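Peer 1: Pasting a predicted model and its sequence here:
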Amino acid sequence: MSMKREKFSSRLGFILIAAGCAIGLGNVWRFPYITGQYGGAAFVLIYIFFLLILGLPIMVAELAVGRASQKSAAKSFDVLEPEGAKWHWYKWGAMAGNYLLMMFYTTIAGWMIYYMIRMASGGFAGMDTAQVEAAFGEMTANPGIMAVLMVVVVVLCFGICAMGLQKGVERITKWMMLSLFVMMLILAVHSITLEGGAEGLRFYLLPDFGKVAENGIFEVLYAAMGQSFFTLSLGIGAIAIFGSYINKERRLTGEAVSIMALDTSVALIAGLIIFPACFAYGVNPGEGPSLIFVTLPNVFNSMAFGRVWGTLFFVFMFFAAVSTVIAVFENIISFAVDLTGCSRKKAVLVNMAAVIVLSLPCVLGFNVWSGFAPLGPGSTVMDLEDFIVSNNLLPLGSLVYLLFCVTRYGWGWKNFTEEANTGKGLKFPKWVRFYVTFILPLIVLFIFVWGYLSKFFL
């Protein structure tokens with residue numbers, strides 16, 4: 001006897017949660033610093049272009065596979081593939097992607113708690129830049145603190161999933177995402193009104209294509225492609241799962257556009273918070289990943305009521321991280337239930353233990369195992385895990401979903417477009433068939449190959 005699959009109680013719930021899965025630290029952390037590195041507004045325009053031609057079709061494909069099969073990636077290909085085909089082998093890749101992502105993401109979410117508490121308790125007050133920079137090193141050098149915070153994140157997020165899809169995941173994520181938007185808007189208005197912030201707005205909002213040429217057009221295009229691709233967490237079934245929880249009332253292209261619009265607006269508002277503040281306090285916005293942990297505490301230190309603004313900022317960062325963790329945990333639980341037929345509670349308990357153990361190498365990679373540099377000097381376990389997910393499983397998985405939907409060896413174009421266009425709303429256009437069948441797979445393959453070349457050979 002098969003259990004009836006739980007559904008979202010509202011369309012808003014679905015869009016906010018799917019966007020919550022896509023809205024992670026990539027938007028809030030990676031997007032501003034990449035935009036800073038590649039010259040501001042011109043980069044943003046190129047990024048939005050790639051989001052539409054790369055991210056959108058793959059997201060529709062993944063949602064369609066989820067909705068048509070009514071299963072997680074553990075079983076979706078088994079249900080839809082033609083007799084004798086081997087697409088279902090990819091379930092192991094999709095599942096590995098979700099576990100690997102959580103093996104380092106839980107640690108970063110823990111960092112947000114640390115900074116939130118430290119900021120609120122005045123732990124950065126009176127520190128100079130060098131001391132704030134040292135504080136990040138102190139935290140990562142302490143395996144105890146990082147492990148405890150990682151466990152808190154894992155237990156909290158699995159606890160929310162244990163309450164069920166509607167009562168737990170949907171209700172709490174909805175509330176978190178709405179607060180996230182409110183906090184972002186307050187922080188953005190505050191940043192824009194800082195004295196000296198106008199220069200930052202100009203950098204961020206007025207396209208200067210000269211900057212693109214300066215950085216090398218190819219470099220900038222690749223960075224924009226990569227960011228548009230990675231921001232949506234496509235290719236590991238993390239979006240497909242939410243397709244399996246929705247009804248057939250609306251066409252999937254419109255839903256995908258809504259999710260992407262939310263995802264992008266969060267990234268854009270993050271830039272409105274960060275760039276004016278950087279310019280107002282004379283900080284380099286191309287700082288790289290340390291922007292959040294080194295640069296911003298300094299900026300908050302020098303602001304009036306900086307402690308309040310800083311605490312708000314890290315609460316919002318924590319929500320952005322945790323919305324992704326909850327979404328991926330939901331996927332992991334669904335794998336377990338689909339594969340073994342166990343209860344939701346049992347899936348939660350077993351996976352809670354598994355994810356805690358699997359997350360320890362990342363925690364220890366910064367301290368006890370810091371001698372292990374898998375990707376060359378200075379790299380950590382986290383870099384290796386991120387590389388496997390971002391440069392391998394996301395592009396190759398997206399390729400699997402795409403080819404499964406457009407070729408006759410898989411589910412096929414006719415079945416895919418029928419599913420995508422069921423309901424009301426925006427249609428998936430027929431005329432893009434040549435592009436999504438022949439050109440898009442090559443672009444994804446290029447992203448994959450170039451990721452390797454730039455990492456190891458260039």
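Peer 2: All right, it came through fine.

Peer 1: which stretches of this structure have low pLDDT?
Peer 2: Along the chain, the parts satisfying pLDDT under 70 run over 1-3, 286-289.

Peer 1: so how many other residues sit close to residue 237?
Peer 2: By the criterion of other CB atoms under 10 Å, residue 237 has 33 neighbours. For every residue, glycine as well, the C-beta is placed using N, CA and C.

Peer 1: now that we're looking at the nearest residue in space to it that is not next to it in sequence, how far away is residue 249 from it?
Peer 2: Ranked by CB to CB, 6 or more residues apart in numbering and with sequence neighbours excluded, the top spatial neighbour of residue 237 is residue 73, at 2.9 Å. Here the distance between residue 73 and residue 249 works out to 23 Å (CB to CB, to the nearest Å).

Peer 1: Specify which residue of the two has the higher count of neighbours.
Peer 2: The residue with more neighbours, out of residue 73 and residue 249 and counting by other CB under 10 Å, is residue 73; that gives 33 against 10.

Peer 1: Please report the distance of the residue nearest to residue 237 from residue 303.
Peer 2: Using CB to CB, one gets 45 Å for the distance from residue 73 to residue 303.

Peer 1: May I have the phi/psi pair for residue 125?
Peer 2: Here the main-chain torsion angles of residue 125 (degrees, to the nearest 10) amount to phi -60, psi 140.

Peer 1: Who are the contact partners of it?
Peer 2: 301, 307 (CB atoms under 8 Å, 6 or more residues apart in numbering).

Peer 1: Please report how far it lies from residue 131.
Peer 2: Per CB to CB, residue 125 is found 11 Å from residue 131.

Peer 1: Equivalent analysis for residue 61, please.
Peer 2: Distance from residue 61 to residue 131, by CB to CB: 49 Å.

Peer 1: Kindly report the same for residue 210.
Peer 2: Computed as CB to CB, the residue 210 to residue 131 distance reads 37 Å.

Peer 1: Now the element after whichever helix or strand residue 255 is part of, going C-ward?
Peer 2: Taking DSSP states H and E as the definition, one finds residue 255 inside helix 252-280. On the C-terminal side of helix 252-280, the closest following helix or strand by DSSP H and E is helix 295-301.

Peer 1: and stretch 394-404, C-alpha only, in CSV?
Peer 2: Extracted in CSV, the C-alpha atoms of stretch 394-404 (Å, rounded to 0.1, in the frame of the first residue of the first chain):
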residue,chain,number,x,y,z
LEU,A,394,25.6,20.1,-10.3
PRO,A,395,26.7,20.4,-14.0
LEU,A,396,26.6,16.7,-14.7
GLY,A,397,23.3,16.2,-12.9
SER,A,398,21.8,19.1,-14.8
LEU,A,399,22.9,17.5,-18.0
VAL,A,400,21.2,14.3,-16.9
TYR,A,401,17.9,16.1,-16.2
LEU,A,402,18.1,18.0,-19.4
LEU,A,403,18.9,15.1,-21.7
PHE,A,404,16.3,12.9,-19.9
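
Peer 1: Which secondary structure elements does the strand or helix carrying residue 315 sit against?
Peer 2: Here residue 315, judged by DSSP H and E, is contained in helix 306-340. On a contact count with 3 or more CB pairs under 8 Å, 6 or more residues apart in numbering; DSSP states H and E, helix 306-340 meets helix 11-22, helix 25, helix 91-120, helix 143-162, helix 171-192, helix 240-243, helix 295-301, helix 344-365.

Peer 1: who has more neighbours, residue 61 and residue 131?
Peer 2: Applying other CB under 10 Å to residue 61 and residue 131 shows that residue 61 carries more neighbours, namely 31 against 13.

Peer 1: quick one: contacts for the more buried one?
Peer 2: 401, 402, 404, 405, 406, 416, 420.
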